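Enquirer: pasting a predicted model and its sequence here:
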Amino acid sequence: MSHWSTGNTVIRDLDLLKRIAKEKGCEVVEEKVLRSGYAGSVDAEFLLRHRGGMAGVVKSANAPGEYLLQLDNWNNPIVETIGYNGGDLTREYVVEKAKQEAAMMGGMISSQQVNRDGSVDLEIQIAI
């Protein structure tokens, strides 16, 4: 039984997401169709592949320039790399985005802790 799901983390920086996915060992494929044996197919901006599995980045229905990660969690080897519902990949995306924004404000991450539930606590120091 498939579990076709769409993540809830809004992605606005596709280049950053691609870079993080590549660092995790994924291949970025400029294909436009993500297929699921159970749910059919959906239009994608690009696909991520790893170990025979795949996930897609799809346009958000909420706003232009916003994207979401979509995948079939059932028996999909990419889940081992990007996490269930892509949670590991999107968490790293959000953390890196926070680091970039802190740096733009003249700050830096002074501490980072990954909690048991997968959430991340960041402490940001900004010079005043």
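Expert: Received the coordinates, thanks. Residues are numbered from 1 along each chain as shown.
Enquirer: and the residue most central in space within the chain, what's its pLDDT?
Expert: Among the residues of the chain, the one closest to the centroid is residue 90, at 3.2 Å (C-alpha atoms, centre = their mean). At residue 90, the model reports a pLDDT of 94.
Enquirer: right, and it touches residue 11 too?
Expert: Yes. Taking contacts as C-beta atoms under 8 Å, residue 90 lies within contact range of residue 11: 7.4 Å. In short, each C-beta sits where N, CA and C put it, glycine included.
Enquirer: please enumerate the shared neighbours of the two.
Expert: Shared contacts of residue 90 and residue 11, defined by C-beta atoms under 8 Å, 6 or more residues apart in numbering, are found at residue 69.
Enquirer: contact partners for residue 54?
Expert: For residue 54, the contact set (C-beta under 8 Å, 6+ apart) comprises 29, 34, 47, 48, 71, 76, 78.
Enquirer: next one: it from residue 93, what distance?
Expert: Going from residue 54 to residue 93 by C-beta to C-beta, to the nearest Å gives 18 Å.
Enquirer: which stretches of the protein have low pLDDT?
Expert: 1-4, 37-39 (pLDDT under 70).
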